[in-house]
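Engineer: Output the structure for:
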Amino acid sequence: MPTINDIADKLGISKGTVSKALNGADDVSETLRKKVLETAVEIGYARNRARKNTANRLCVIVENLHHEDPGDFGYDIVMGFKKLAVPAGWDVDVVAVTEDQQKDISYDAFMLSREYKGAFILGMSLLDPWMEELKTARTPAVLYDNYIPENPRVGYIGVDNPEAFMMTIGHLNELGHSQIGYLGGDMDSFISRKRHNAFLDAMDAYGLAVSQNRVGCSYFISECTQKFLPRLLSSQVTAIVCGTDLLAQAVIVACMDMGYRIPEDISIVGFDDAPFAAYTSPGLTTIRQNQEALGNCGFYALHSLINQTYIGTLLLRAELITRGSTGKVRRGKLPAPRKLPV
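Structural biologist: Numbering: from 1, shown residues only. Coordinates of the predicted model:
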């Protein structure tokens with residue numbers, strides 16, 4: 001096992017300076033501290049965690065996900081993680097990170113500097129710097145709605161998306177819908193790709209055709225509603241499945257602004273069962289994600305990885321919540337829309 005002496009020898013500095021750098025002493029420059037941390041990671045150094053206040057530390061790393069207030073989508077995920085981790089003797093920090101911070105320090109060096117034994121990571125995109133580093137990282141991590149197959153120390157938790165979309169298309173099919181469109185997020189997101197592909201697979205399983213003009217994906221909700229939604233409507237879809245509830249809510253509003261009735265003219269389905277989904281007008285049919293259970297799964301998986309039980313994927317069963325935004329298929333041609341307000 002590499003020691004502080006090995007780091008000192010490699011950098012040509014004293015053991016005391018290495019120790020100060022690892023412990024964040026004020027008289028060590030930030031440049032040298034980063035160099036010591038990166039060298040420690042490179043040679044596989046691990047801290048002696050015998051001290052009581054550092055032996056059992058985990059973090060929840062959050063980027064681009066609201067989580068601080070009750071009602072935020074990420075709030076119950078974080079609480080679900082803590083509710084299992086804290087009684088089990090772990091100290092848990094919730095740490096917000098930016099892309100610039102990820103560029104400034106590697107994932108393993110960040111974890112080593114703060115003496116975390118593992119991380120539960122929420123909200124990162126495939127383009128984030130740490131996502132590339134996680135392919136070879138030594139510190140265990142569990143990703144929500146992201147997957148890295150190359151590294152056995154990294155796990156993935158989420159909802160079973162193929163099952164979710166089979167339920168969704170099955171529900172619409174029972175209502176008589178066969179002309180079904182899809183609107184989703186940007187394809188640089190792992191989960192957006194996953195849901196897009198799950199939609200296509202479910203349509204194929206039910207023997208339903210999907211044409212290019214009935215699918216639209218964008219990072220921007222406004223592009224989905226202003227560019228892709230009119231294209232879907234002009235192709236005479238009778239139902240639209242959306243990759244998130246936020247997008248579904250925007251689609252409902254846009255359709256109503258154009259003079260369409262929900263669900264008499266168009267049925268709409270979302271994904272997440274966000275707190276507002278029951279209170280849209282009409283109420284939104286959606287796939288429920290049990291956020292607290294997702295947080296529980298995050299701890300189960302991370303605890304297993306720390307103990308060298310290499311869980312790759314842990315998925316919750318899907319649950320379809322039916323409300324007023326879906327109904328029986330309309331008869332006849334879709335009425336001409338009013339012009340969408342700019």
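Engineer: just checking, what packs against the helix or strand bottoming out on mean pLDDT in the chain?
Structural biologist: Every helix and strand of the chain was ranked by mean pLDDT, DSSP states H and E. The lowest is helix 30-43, at a mean of 81. Judged by 3 or more CB pairs under 8 Å, 6 or more residues apart in numbering; DSSP states H and E, helix 30-43 is in contact with helix 4-11, helix 15-22, helix 107-113. From N, CA and C alone the C-beta is placed, and that goes for glycine too.
Engineer: Identify whichever of the ones you listed lies nearest to Asn151.
Structural biologist: helix 107-113 (11.0 Å; CB to CB).
Engineer: Can you show me the helices along the chain?
Structural biologist: Here the chain has its helices, by DSSP state H, at 4-11, 15-22, 30-43, 75-85, 99-104, 107-113, 129-133, 161-174, 190-205, 221-223, 229-234, 245-257, 291-306.
Engineer: Mean pLDDT lowest where, among these?
Structural biologist: With a mean of 81, helix 30-43 has the lowest mean pLDDT of these.
Engineer: tilt between that one and helix 15-22?
Structural biologist: 100 degrees (axes from the mean of the first three to the mean of the last three CA atoms, to 10 degrees).
Engineer: Spatially nearest residue to the most centrally placed residue in the chain, not counting backbone neighbours?
Structural biologist: By CA atoms, centre = their mean, the chain has its centre lying nearest to Asp145, at 3.7 Å. Setting aside the residues directly before and after it, Asp145 is nearest to Ile191 in space (CB to CB, 6 or more residues apart in numbering), at 4.0 Å.
Engineer: That neighbour: neighbour count?
Structural biologist: 21 (other CB atoms under 10 Å).
Engineer: In this structure it contacts Asn146, no?
Structural biologist: Yes: counting by CB atoms under 8 Å, Ile191 does reach Asn146; the two are 7.2 Å apart.
Engineer: What distance do you get for the nearest residue to Ala96 once chain neighbours are set aside to Lys194?
Structural biologist: Spatial nearest neighbour of Ala96, excluding adjacent residues (CB to CB, 6+ apart): Val62 at 5.2 Å. Using CB to CB, to the nearest Å, we find Val62 at a distance of 20 Å from Lys194.
Engineer: for Leu232, same thing?
Structural biologist: From Leu232 to Lys194 the distance is 21 Å (CB to CB).
Engineer: for Leu320, same thing?
Structural biologist: From Leu320 to Lys194 the distance is 17 Å (CB to CB).
Engineer: And for Ala293?
Structural biologist: For Ala293 relative to Lys194 (CB to CB), the value is 19 Å.
Engineer: what about these two, which has more around it?
Structural biologist: Legend: neighbour count by other CB under 10 Å for Ala293 and Lys194, higher for Lys194 (20 against 16).
Engineer: Skip the chain neighbours and tell me the closest residue to the more buried one.
Structural biologist: Asn161 (5.0 Å).
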